[in-house]
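Chemist: Everything below, folded, please.
(one chain, ligands or ions: 1)
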Amino acid sequence: MRIAVTGATGVLGQEAVEALVAAGHDVSGVTRRDSGIPIVEGRGGRGVVANVFDASDLARVFRGHEVVINTLAHVPVGMAGLRPLAWREDDKLHGEASVAIAQAAAQAGVHKLIQESTVFMYPDNGSEWISEDMPLSVRNQAFRARVREMRAAVDFAGSGRSAVVLRLGQLFGRDPQTTHALKAVREGDQILLGSPDGYITLLHHKDAGRAFVAALRADSGFYNVGGEPIPRKRWAKDLATEAGAKSPAKFYPEIAQSLVGTRLDVQRRSLRVSSVRFMNETGWWPQTGPSTPGWSRR
Ligand SMILES: NC(=O)c1ccc[n+]([C@@H]2O[C@H](COP(=O)([O-])OP(=O)(O)OC[C@H]3O[C@@H](n4cnc5c(N)ncnc54)[C@H](OP(=O)(O)O)[C@@H]3O)[C@@H](O)[C@H]2O)c1
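Modeler: Coordinates of the predicted model:
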């Protein structure tokens, strides 16, 4: 299939391009800069320059493609998320670029849109499981742009078109966020939010890349995509093992956690998310877990 990927030079996008090419697809990777082209080519795709906020420029690029996969994001690393305006670019990408991408895909005659989203929109559900039917907890400034993005995907579906929204677990692997966490563990610094008994649903980058390929087989709808959820205290130990540190990763004390503000507060939620629907429908399953040795070098 001819597939266009937006955010193709990012952490998720590069994995998506590589996995799609490996599965035999013809992939165009969209970047805003000439220097992004060799990054896409390095993963086996064709680099194309376009402005992701301009629907007519995007429609020009999308013409002739059957599928568009949007992986755009710009997540601040670690406590940089506390800084004023830290989330401005990420909000613009989800609230404006994602809308332009869905509109351009419809204009260009694309049949299917696959949109990256996040499990952090679910409410804290303690140790209970969360499926796609659980109502979202998005009455929070943190998710205004994500809700617009979701609506744009839903609007795209119809008139014979389909939209698949993937609610991805927390990414881990060889990426800036996890590298930052591993360094903090080695140095004995606090790094984890939430309660040690709360659940976390993780997704390795390679598995995320394979999930975009699997999503080509999914019908329109919302799907959770993550590995087996684990208590955060288990993740604290897995991080230490991978970092080669003696003590588990440290949690921020409750008093500090209560001050992190709306944007990071959602990362304290206990999320025991089931990906059974996606697995059953597509045959996808996670191959790398947090206790798989060497996961940060894959
Ligand atoms: N579910 C999750 O847990 C989750 C989801 C996403 C990301 N993350 C984490 O967040 C960290 C950052 O990764 P990332 O992939 O989000 O960041 P990124 O690499 O900064 O951004 C991804 C791509 O989006 C494009 N982009 C970024 N800002 C843009 C802007 N203002 N205008 C137009 N295009 C823009 C860039 O493409 P061009 O420069 O080539 O145009 C970039 O390569 C990673 O550690 C990742 O694992 C986690």
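Chemist: Spell out which parts of the protein neighbour the ligand.
Modeler: Counting by CB under 6 Å from any ligand atom, the chain comes close to the ligand at 7, 9-12, 31-33, 36, 52, 72-75, 89, 93, 118, 168, 170-171, 175-177. All C-beta atoms are positioned from the backbone trio N, CA, C, and that covers glycine.
Chemist: Quick check on those: which are buried?
Modeler: 7, 9-12, 31, 36, 52, 72-73, 75, 93, 118, 168, 170-171, 175, 177 (16 or more other CB atoms under 10 Å).
Chemist: Of these, which belong to strands?
Modeler: Thr31, Thr118, Leu168, Gln170, Leu171 (DSSP state E).
Chemist: Just the pLDDT for the third one.
Modeler: The model reports Leu168 with a pLDDT of 98.
Chemist: what's the answer for the second one, then?
Modeler: pLDDT for Thr118: 97.
Chemist: who's in contact with the closest residue to the ligand within the stretch 1-150 of the chain?
Modeler: In the stretch 1-150 of the chain, the residue that lies nearest the ligand is Gly10 (2.3 Å; CB to the nearest ligand atom). By CB atoms under 8 Å, 6 or more residues apart in numbering, Gly10 lies in contact with Thr71, Leu72, Ala73, His74.
Chemist: Which members of the ones in strands among the buried ones among the residues of the chain next to the ligand are the farthest-apart pair?
Modeler: The two members of these with the most space between them (CB to CB) are Thr31 and Gln170, at 25.2 Å.
Chemist: picking that back up, can you tell me how far the residue of the stretch 1-150 of the chain closest to the ligand sits from Ser127?
Modeler: 33 Å (CB to CB, to the nearest Å).
Chemist: Over to Arg167?
Modeler: Arg167 is 19 Å from Ser127, by CB to CB.
Chemist: Who has more neighbours out of those two?
Modeler: Legend: neighbour count by other CB atoms under 10 Å for Arg167 and Ser127, higher for Arg167 (25 against 11).
Chemist: Correct me if wrong: the more buried one contacts Met134.
Modeler: No - here Arg167 does not reach Met134: they are 10.5 Å apart, not a contact under CB atoms under 8 Å.
Chemist: which neighbours do these two share?
Modeler: Tyr122.
Chemist: The stretch 51-200 of the chain: strands as residue ranges?
Modeler: All strands of the stretch 51-200 of the chain, identified by DSSP state E, counting those that start in this stretch, fall at 67-70, 112-118, 129-130, 162-168, 170-172, 190-192, 199-200.
Chemist: Switch those over to CSV, and while doing so, append distance to Arg60 to every line.
Modeler: Converted to CSV, the strands of the stretch 51-200 of the chain look like this (distance: least, CB to CB, whole Å):
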stretch, distance to Arg60
strand 67-70, 13
strand 112-118, 17
strand 129-130, 40
strand 162-168, 21
strand 170-172, 31
strand 190-192, 43
strand 199-200, 41
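Chemist: Pick the most deeply packed of the ones you listed.
Modeler: strand 67-70 (a mean of 28; mean count of other CB atoms under 10 Å).
Chemist: List the contacts of that strand.
Modeler: Residues beyond strand 67-70 that count as contacts (CB under 8 Å, 6+ apart) turn out to be 1-7, 16, 20, 62, 98, 101-102, 105, 110-116, 212, 215-216.
Chemist: Which single residue of the stretch 151-298 of the chain ends up nearest the ligand?
Modeler: Of all residues in the stretch 151-298 of the chain, the one sitting closest to the ligand is Gln177 (3.2 Å; CB to the nearest ligand atom).
Chemist: quick one: the nearest residue to Asp90 once chain neighbours are set aside and Ala97, what's the gap?
Modeler: Using CB to CB, 6 or more residues apart in numbering and skipping the chain neighbours, the partner closest in space to Asp90 is His74 (4.7 Å). For His74, the distance to Ala97 (CB to CB) stands at 10 Å.
Chemist: same check, this time on Asp133
Modeler: Separation of Asp133 from Ala97 (CB to CB): 29 Å.
Chemist: and the two? which has more neighbours close in?
Modeler: Ala97 (24 against 7).
Chemist: Now for that one: which residues touch it?
Modeler: Thr6, Val52, Phe53, Leu72.
Chemist: rerun at 7 Å
Modeler: By CB atoms under 7 Å, 6 or more residues apart in numbering, the residues touching Ala97 are Val52, Phe53, Leu72.
Chemist: Could you do Ser258 as well?
Modeler: If you count contacts by CB under 7 Å, 6+ apart, Ser258 has none.
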